[in-house]
Structures are given as structure tokens and as C-alpha cells.
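[1] Following is a predicted model, sequence given first.
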Amino acid sequence: KFATVPAEQTAEVCSDTAWAYALTEYLEEHSGGRLVVEFYPGGQLGGQSEYVTSASEAAIEAALINMSVLNAYDPNLMALQIPGLYSNEEEATAILNSEYANKLYSKVETEQNITLAGIYCNGFRSFTTNGIELKSVEDIKGYSFRVMDDPMYVAMVEALGAIPTPMAATEMYTAMQNGVVDGHENTIANVLGDLTYEVQDYMILDNHTASIAVGIVSTKFLESLPEDLQVILLEGMQYAADIAYETVTNINNEGIATLREKGMTIYIPTEEELAEWQAIELSATEKYVREQIGDEAVDGVKAEIEAYRGK
């Protein structure tokens, strides 16, 4: 069983679907049919937090989640997700697959009995709204936004003067549709994949946070397999992640035009406006993360980024 939150779409417009199809093809081909994927899209098996619990208990074998879900199990992972850390998706993906990052993953893997397999940056998160166009930081004050159930996102939205409303991804479409919240924040790819453009009018590309896709595998299930199938499964997850990353890159490159065709108004901030947005977002979240976990992990990630840039 392989579970994702977004509904099944074509592999060209949804990276989660692209991952599932690539994994299915790879495993069936390389295992000679000994491994077969049952794809459960659209939150059929619950939300992302439930996927972690289910994989831990081997109730499902694999799933695709956002890394922020894992912060509840190991807050040190917040160091990889602070707004303003990365220059672009390529840099973020390299850091997320570095030796240093893999050391950070070991605690959650051991304690939750899951194996992280396939990690990439699927774009940068930005705010969307219904009936309200955001341009300057002043425009956001007083409005409510769905955020992931993560204190770092809560701190960021509060610092901007807005009202954070944590909720599962499976609930956010209805919440936006019914006006429970004024907006949310997500990547271009997810705004397309989740059909957010049906219930939101505007998007401002403040690009506050790198969104990080993580494949998880039940370690209990993995270790129950013969060694050759263990290798094939992990290689298949990485292959699927690579295909999904290519899909996200294509979506992000074409996404602004596509969303405009769908009826959304996309605002691209000036350099001065963007600097104002990101200064508030970075200051609030880095301070929060350092207060929660100390300096070691944050400084370690920053050092890894500097080393990467110096190559």
C-alpha cells in the first residue's frame, strides 16, 4: 500500500501521482512481479500524520508526506525547514540529501520505525487568498490562514499579524471553500495538484518556505523482505522521487501561467516587498527554532549550506 493525500490525477500535473506511477512501474519491473503497488490517493488511508503511525505499525507499507509532519517526532528537523535558508530547489534538495541531513533523520527513523526513502524540495510555499489580494505585509494583517499543524508555521503567520489555523491537508479545501479560513500557504505545484485554484482567487509569491517531500517506508515491512527486494524497494522509492522532482520542476516552470489560465491572480512582489516579507518570516521562525532546539542543528545546517555554495 502506497498512500498520498492529493487526489489521483495525471502524472504530468501532480507530483504525488507521478511518484506513485513511477514506483509501481519500477517495482513490478525490477522485482519480476514480487512487489506490487496498491495506490491509495486522495487521503483514503488518512492524513499525513496517520501515514507515519500506520507505517510505523506496518499497517501500510509506504507513503508520501511533507517533512513538517515529522517535526512532531523530532523538532531538530525544523532546522532544515526555516524560511529563507535556501536559494532554490536544487540547493535545497542537495542539502536535504547530504550526510549531515541523514544524521538528523536517524532519530525519527529509529524511534518511529520508519525509513526515509526519497527526499526533495517540491517548490517554495506562498500565500493564497480568497477575495483579498496581498501585496505588502500590511495587507495580510487580521486574516486567517490554514497552516500545517506545526508551531513554526504558526509562529511565522503570527509574526505577520495574521491568524494561523492548523489543520490537516485533507480538511483545507473544504475550509477554504466554506470560508472557515481566508487562505492558506502552499507551493505552486500543490495549489495545482490540490485544486486550490477552485476556491482561492489570489496568490502572492513570497516564497517563504521550502516545501519538502519525503517518502517513508515501514521499516518492519522493509526488514521482512528478502535482501534483494529491500534493495529494489529503496531504489524504487529514490527513482520515484527523482521522477516526481522532475515533474515538480516542470510544474513550477509553467505553473504561474497555468494558474492564471485557471482564473487566479498571481502577484510577484518587487525586490523590496519580497525582502520585507522574508525578513519578518525568517526572523520569527529562526528565533522560534533556536528557542526550541538550541543552536547546534541550526548552525549545522547553515554550515552545510555555506559549504555547498563554496564548492
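    Cool, the structure landed.
[2] hang on, Ala241 packs against Trp19?
    Yes. When contacts are counted by CB atoms under 8 Å, Ala241 is listed as touching Trp19 (6.7 Å). C-beta coordinates here come from the backbone N, C-alpha and C atoms, glycine included.
[3] Compare neighbour counts for those two and give me the winner.
    Remark: of Ala241 and Trp19, Trp19 carries more neighbours, 30 against 26, as counted by other CB atoms under 10 Å.
[4] Enumerate every residue touching the more buried one.
    4, 64, 118, 213, 215, 240-241, 243-244 (CB atoms under 8 Å, 6 or more residues apart in numbering).
[5] any idea which element it lies in?
    Here Trp19 sits within helix 15-30, counting by DSSP states H and E.
[6] For that helix, buried residues please.
    Using 16 or more other CB atoms under 10 Å as the test for burial, helix 15-30 gives 15-24, 26-27, 30.
[7] Quick one: name whatever helix or strand follows it.
    The C-terminal neighbour of helix 15-30 among helices and strands, as given by DSSP H and E, is strand 39-40.
[8] thinking again about what came up before, need the residues touching each of Ala241 and Trp19.
    Residues touching both Ala241 and Trp19 comprise 118, 213, 215, with contact defined as CB under 8 Å, 6+ apart.
[9] Which ones among the residues you listed lie within helices?
    Within those, membership in helices is found for no residue, as judged by DSSP state H.
[10] Include pLDDT and distance to Ala279 when you put those into JSON lines, please.
    As requested, the shared contacts of Ala241 and Trp19 are arranged in JSON lines below (pLDDT from 0 to 100; distance: CB to CB, whole Å):
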{"residue": "Gly118", "pLDDT": "96", "distance to Ala279": "33"}
{"residue": "Ala213", "pLDDT": "96", "distance to Ala279": "27"}
{"residue": "Gly215", "pLDDT": "98", "distance to Ala279": "33"}
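[11] between those, which is nearest Gln9?
    Within the shared contacts of Ala241 and Trp19, the smallest distance to Gln9 is 15.8 Å, found for Ala213 (CB to CB).
[12] Could you give the bridge partners of that closest one?
    Judged by DSSP bridges, the bridge partners of Ala213 are Asn66, Tyr120.
[13] Is it correct that it is in contact with Ile243?
    No. With contact defined as CB under 8 Å, Ala213 and Ile243 do not form a contacting pair (11.9 Å).
[14] So which residues of the stretch 1-150 of the chain form helices?
    15-30, 48-56, 89-96, 99-112 (DSSP state H, counting those that start in this stretch).
[15] Which one, of those, ends up nearest to Leu205?
    It's helix 89-96; of the helices of the stretch 1-150 of the chain, that one is closest to Leu205 (CB to CB) at 13.9 Å.
[16] Now do that closest one, average pLDDT.
    The average pLDDT within helix 89-96 is 94.
[17] roughly how far apart are the residue nearest to Val69 when sequence neighbours are not counted and Thr4?
    The shortest distance from Val69 to any residue other than its chain neighbours is 4.6 Å, reached at Gln48 (CB to CB, 6 or more residues apart in numbering). The spacing between Gln48 and Thr4, counted by CB to CB, to the nearest Å, is 9 Å.
[18] Which strands and helices lie in contact with the host helix or strand of Ala303?
    Secondary-structure assignment from DSSP H and E places Ala303 in helix 296-309. In terms of contacts (3 or more CB pairs under 8 Å, 6 or more residues apart in numbering; DSSP states H and E), helix 296-309 is packed against helix 89-96, helix 99-112, helix 271-293.
[19] which outside residues touch that helix?
    Contact partners of helix 296-309, identified using CB under 8 Å, 6+ apart, comprise 76, 79-80, 82, 85-87, 91, 94-95, 98, 100-101, 104, 286, 289-290.
[20] Could you export stretch 8-18 as CSV, CA atoms only?
    This file holds the C-alpha atoms of stretch 8-18, laid out as CSV (Å, rounded to 0.1, in the frame of the first residue of the first chain):
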residue,chain,number,x,y,z
GLU,A,8,-5.1,10.9,-8.3
GLN,A,9,-4.5,13.0,-11.4
THR,A,10,-2.3,12.7,-14.4
ALA,A,11,1.4,12.3,-13.7
GLU,A,12,2.1,15.5,-15.7
VAL,A,13,0.2,17.7,-13.3
CYS,A,14,0.6,16.0,-9.9
SER,A,15,4.0,15.0,-8.5
ASP,A,16,2.4,12.6,-6.0
THR,A,17,0.7,10.7,-8.8
ALA,A,18,4.0,10.8,-10.8
